[in-house]
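>>> Based on what follows, work out the 3D shape:
(one chain, ligands or ions: 2)
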Amino acid sequence: MAATQVSTTPFDGQKPGTSGLRKKVKTFQQPHYLENFVQAIFDTQRGLAGGTLVLGGDGRFYNREAIQTILRMAAANGVARALVGQGGILSTPAASCIIRKYQAQGGIILSASHNPGGPEEDFGIKFNIDAGGPAPESVTNAIFERTASIDRYLISDAGALDLDAVGEQALDNMQVQVLDPVADYAALMEELFDFNAIHQLFNSGGFRMCFDAMHAVTGPYAVEILENRLGAEPGTVMNGKPLEDFGGGHPDPNLVHAHDLVALTQGAAGLDFGAASDGDGDRNMILGQDFFVTPSDSLAVLAANAHLAPGYKQGIAGVARSMPTSQAADRVAEELGVECFETPTGWKFFGNLLDAGRITLCGEESFGTGSAHVREKDGLWAVLFWLNLLAVKRHSVAEIVREHWRRFGRNFYTRHDYEGVDAAAAGELMDHLRILLPDLPGKRLGALTVEYADDFSYTDPIDGSTAAHQGVRVGFEGGSRIVFRLSGTGTQGATLRVYIERYEPAPALHDQPVQEALAPLIVTARELAQIEARTGRREPDVIT
Ligand code: VG1
Ligand code: CO
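Ligands and ions are numbered 1, 2, ... in the order given. Presented below is the predicted three-dimensional model:
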């Protein structure tokens, strides 16, 4: 079989967003669409020729087809070895783990993460660099630039490979190794966490839990780790079979989309622990009995207790959080005397800090938590970390978090999403806010005085690269904040995200319902951005 050169013409808009290129499946199915983007990766990432490429996806519709295409292109572009997850499956954190473990030159991950899947829904592709993490903007910009001038791609005319059997095969001159997608990842988890202690917790008789894989990629990982290795009761993992359309749902672990799991934790007979992960396995939601742990609090709690897990017993070097994430982790970092960084939204901005050893833990408000063990956020890792804490402390989830609030104060926090908004109107809303910014400091909005107001920009402390226009921040005296930004992962219209936070030191006031505790700030946010007048929306679509 031989490599063929196919003529092509550029497509508009192949610009990766917060996490890779995400479009409707129908867009990806156009002739040459996927091929152009993949060739742009090979044309700009020269280390892949003669090197090792890791390849896998979250199993959504079009995954298998795309993997066969990419393998044939990899062979034609001179890749020496491809490591592919069995069945084309690799969770995002497992792909990162495998890139690092086998010292690959990079990886291609096929996923639109928490976006729905199926013929009418979303598909995505992203490139991860040799450190294992999402490509930084310098790389994604180079790939995007290349897509604008691409005029040919290379592809082998070899037939389809059998990806369902673990083992080695050849595709022209490229060696293809089909790997068990779970084994390397599970081994890494065993190094980091006290599996004996968790096993004992599961066998103590008094502990009931459920993990919702949402018919997405973590099913096989969770069954192997929780049920097979840790001895959780069979059936602990619900919705454990990955489906191409995730059973028709949004594989997004939040209070809205994981409502079945949430219901299992409610009431007197509610489970002690509930957890869920997203389409590609990098997000996590943590629940206790009648208790939801905000991802921002989760990061802070893990940072404060990291020494209790074997992989972090030496303590942590530092913490980072994305800008819209609540400032709860900052207080922990201050008390621990370690560095704390505020980065733009998207895991790619943590990579340099992790590589340089400046941080050990990092997280985002969007149900993302992770550490230096890989270069992606990691859903099951967070679940195991919480289980390790529960096993050591033998307190309930709620007790652990309340104790944390008593010690550090509580950052009340919510995110309001307005989805599928007219893109032009959303852009104008952001422009309107940017125009207001210079006049805001010192002004009173509602009961609070604005301390600072800016459009967040970031300078990477390691390589000096900059990222501007990362979201509008309005900070008030006393630490309250409102943040506005537009989503970079959607495929239809625009999504406006409004992030609202208030710090409350007094334990007597920690039990208010969140939306109530934040009500005045929510009103301020709506008025300041003129949300209803500009978008026609009275209420957000999703509140987390
Ligand atoms: C969202 C989240 C962001 C996260 C990104 C990818 O981006 O807000 O924190 O890193 O999704 O997560 P945006 O631009 O839509 O706000 V995943 O699990 O979808 O890869
Ligand atoms: Co994800």
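>>> Now do the residue in the stretch 301-450 of the chain that ligand 1 sits nearest to: how many residues are near it, please.
Here the stretch 301-450 of the chain gets closest to ligand 1 at one residue, residue 366, 3.5 Å apart by Cβ to the nearest ligand atom. Heads up, the C-betas are built off the backbone N, CA and C, glycines and all. Residue 366 is flanked by 26 other residues according to other Cβ atoms under 10 Å.
>>> part of a helix, is it?
No - using DSSP: H, G, I helix; E, B strand; the rest coil, the secondary structure at residue 366 is coil, not a helix.
>>> quick one, what contacts it?
Residues in contact with residue 366, defined by Cβ atoms under 8 Å, 6 or more residues apart in numbering, are 283, 295, 322, 345, 415.
>>> got the phi/psi numbers for residue 305?
Torsion angles at residue 305 (phi, psi; degrees, to the nearest 10) stand at phi -120, psi 10.
>>> so what's it closest to, chain neighbours aside?
In this structure, residue 305 finds its nearest non-sequential neighbour in residue 389, 5.5 Å apart by Cβ to Cβ, 6 or more residues apart in numbering.
>>> So the one you found versus residue 500, what's the distance?
With distances defined as Cβ to Cβ, to the nearest Å, the gap from residue 389 to residue 500 amounts to 28 Å.
>>> So the two - more neighbours on which side?
Set side by side, residue 389 and residue 500 show more neighbours around residue 500, with 25 against 22, by other Cβ under 10 Å.
>>> Distance of that one relative to ligand 1?
Distance, residue 500 to ligand 1, using Cβ to the nearest ligand atom, to the nearest Å: 15 Å.
>>> Please enumerate the helices of the stretch 301-450 of the chain.
With helices called from DSSP state H, counting those that start in this stretch, the stretch 301-450 of the chain shows them at 328-336, 351-355, 379-393, 397-408, 423-436.
>>> Nearest to ligand 2, out of the ones you listed?
Ranking the helices of the stretch 301-450 of the chain by proximity to ligand 2 (Cβ to the ion) places helix 379-393 first, at 7.8 Å.
>>> just to revisit the earlier point, among the contacts of residue 366, name the buried ones.
With burial judged by 16 or more other Cβ atoms under 10 Å, the buried subset of the contacts of residue 366 is 283, 295, 322, 345, 415.
>>> Please list which of the residues you listed are also close to ligand 1.
Among those, proximity to ligand 1 is found for 283, 322, 345 (Cβ under 6 Å from any ligand atom).
>>> Relative to residue 86, which of these is nearest.
Within these, distances to residue 86 taken as Cβ to Cβ reach their minimum at residue 283, with 22.8 Å.
>>> And the closest one, its phi and psi?
Dihedral pair for residue 283: phi -100, psi 160, per degrees, to the nearest 10.
>>> Now it. Nearest residue, chain neighbours left out?
By the measure of Cβ to Cβ, 6+ apart, the closest residue to residue 283 outside its immediate chain neighbours is residue 367, 4.1 Å from it.
>>> I figured residue 344 was touching residue 455, is that so?
No - at 11.3 Å, residue 344 does not count as touching residue 455 under the criterion of Cβ atoms under 8 Å.
>>> what does the chain have sitting close to ligand 1?
So the chain meets ligand 1 at 18-19, 113-114, 278, 282-283, 322, 345-347, 364, 366, 368, 487-489, 497 (Cβ under 6 Å from any ligand atom).
>>> now with 5 Å?
For the chain, the residues found near ligand 1 under the criterion Cβ under 5 Å from any ligand atom are 18-19, 113-114, 282-283, 345-346, 364, 366, 487-489.
>>> neighbour-wise, which of those leads?
Of the residues of the chain next to ligand 1, with other Cβ under 10 Å as the count, residue 282 tops at 34 neighbours.
>>> Let me know the distance separating that residue from residue 513.
Here the criterion is Cβ to Cβ. By it, residue 282 lies 29 Å from residue 513.
>>> same deal with residue 203?
Taken as Cβ to Cβ, the spacing of residue 203 relative to residue 513 amounts to 36 Å.
>>> Quick check, residue 383 in contact with residue 210.
No - when contacts are counted by Cβ under 8 Å, residue 383 is not listed as touching residue 210 (11.1 Å).
>>> More neighbours: which of these two?
residue 383 (26 against 23).
>>> ok, what's across the strand from the spatially closest residue to the more buried one that is not a sequence neighbour?
For residue 383, ignoring the flanking residues on the chain, the nearest one in space by Cβ to Cβ, 6+ apart is residue 275 at 4.4 Å. According to DSSP bridges, the residues that bridge with residue 275 are residue 211, residue 286.
>>> how many other residues sit next to residue 275?
For residue 275, the neighbour count with other Cβ under 10 Å is 29.
>>> can you pull the contacts of it?
Residues near residue 275 by Cβ under 8 Å, 6+ apart: 209-212, 253, 261, 284-287, 382-383, 386.
>>> what does residue 164 give?
Shown in contact with residue 164 (Cβ under 8 Å, 6+ apart): 86-87, 178.
>>> what about 7 Å?
Under the criterion of Cβ atoms under 7 Å, 6 or more residues apart in numbering, the neighbours of residue 164 are 86-87.
>>> so where does it fall, helix or strand?
Secondary structure assignment for residue 164, by DSSP states H and E: no helix or strand.
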